[in-house]
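> Prediction below, plus the sequence it came from.
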Amino acid sequence: MFSGLADASLEPIAKVSNMRRVPRGSIVVRAGDKTDFVYLVLSGSLKVLVSDEEGREVILSMLGPGELFGEMGVLDDNPRSATVVTVVPSDLIVIAKSDFKRVLQENFEVSMFIMRNLVARLRTADRKIESLALMDVYGRVARLLLEMADEVNGEKVVNRKISKQDIAKMIGASREMVSRVMKDLHLQGLIEETNGKILLRERLETV
């Protein structure tokens, strides 16, 4: 986020930033709460979710290192639109709302980062709507894995820890159906699960 800034520009930002270590399973922000802070993920993994009165959850996205959350409420002064929960212990940079607004006003590079971040989030939402409307569960699982994968030594690998239950909540399917799809993908040689990671084969893109 701040990689393009000179040291002189970074100093005032560093002065208003705090680092917080958050245990696994902790609620960092809750839907409906007042927006007071913006968060940047240094390490770990978090899920962004919404739920209804009966406790049913839908996971909107998974967050990892380098990703930002909480900025929407800063920009439109509305309450939190979703709840964010840590999947594993996570390190976060925390910036107060008033300080973050001042950073945006004084640093064009940071403002551009925020705009790119919001555009990327909108594109992801568009793809998710398309998947739910046009793809079967196999296609939705395959697309989600491909979107979450990182390029490692020429191979696509999902490094983030994600359960089959969470995958189900992200694509609008049951955990049992996701388990069957993952098993089928494994038997077809399209994915390989090992040491908490998921290795994707090239042919998965054709599913």
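Arrived safely.

> buried sites along the longest helix that the chain contains?
Scanning the chain for the helix with the most residues, using DSSP state H, yields helix 108-134. Residues of helix 108-134 classed as buried: Val110, Phe113, Ile114, Arg121, Lys128, Ser131 (neighbour count, 16 or more other CB atoms under 10 Å). Any C-beta I mention is one placed from the backbone N, CA and C, and that applies to glycine too.

> Same question for stretch 35-50.
Buried residues in stretch 35-50 (16+ other CB under 10 Å): Thr35, Phe37, Val38, Tyr39, Leu40, Val41, Gly44, Ser45, Leu46, Lys47, Val48, Leu49.

> got those as JSON lines, with pLDDT columns?
Below are the buried residues of stretch 35-50 laid out as JSON lines (pLDDT from 0 to 100):
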{"residue": "Thr35", "pLDDT": "91"}
{"residue": "Phe37", "pLDDT": "95"}
{"residue": "Val38", "pLDDT": "94"}
{"residue": "Tyr39", "pLDDT": "96"}
{"residue": "Leu40", "pLDDT": "93"}
{"residue": "Val41", "pLDDT": "95"}
{"residue": "Gly44", "pLDDT": "95"}
{"residue": "Ser45", "pLDDT": "94"}
{"residue": "Leu46", "pLDDT": "95"}
{"residue": "Lys47", "pLDDT": "95"}
{"residue": "Val48", "pLDDT": "96"}
{"residue": "Leu49", "pLDDT": "95"}
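
> Please render those as TSV that adds secondary structure and distance to Asp99 to the earlier fields.
Shown next, in TSV, are the buried residues of stretch 35-50 (DSSP: H, G, I helix; E, B strand; the rest coil; distance: CB to CB, whole Å):
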residue	secondary structure	distance to Asp99
Thr35	coil	13
Phe37	strand	9
Val38	strand	9
Tyr39	strand	13
Leu40	strand	13
Val41	strand	18
Gly44	coil	23
Ser45	coil	26
Leu46	strand	22
Lys47	strand	26
Val48	strand	23
Leu49	strand	27
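
> Pull the most distant pair out of the residues you listed.
Thr35 and Ser45 (22.3 Å; CB to CB).

> re earlier: tell me how far the longest helix of the chain lies from the chain's centre.
11 Å (CA atoms, centre = their mean, to the nearest Å).

> Now do that helix, average pLDDT.
The average pLDDT within helix 108-134 is 87.

> same question, stretch 65-72
91.

> How about residues contacting it?
Stretch 65-72 is touched from outside by 1, 29, 35, 37-44, 46, 48, 63, 78, 80-81, 84, 100, 113-114, 117-118, with contacts defined as CB atoms under 8 Å, 6 or more residues apart in numbering.

> How about stretch 20-35?
With contacts defined as CB under 8 Å, 6+ apart, stretch 20-35 is touched by 37, 39, 44, 46, 50-51, 69-70, 72-74, 77-94, 97.
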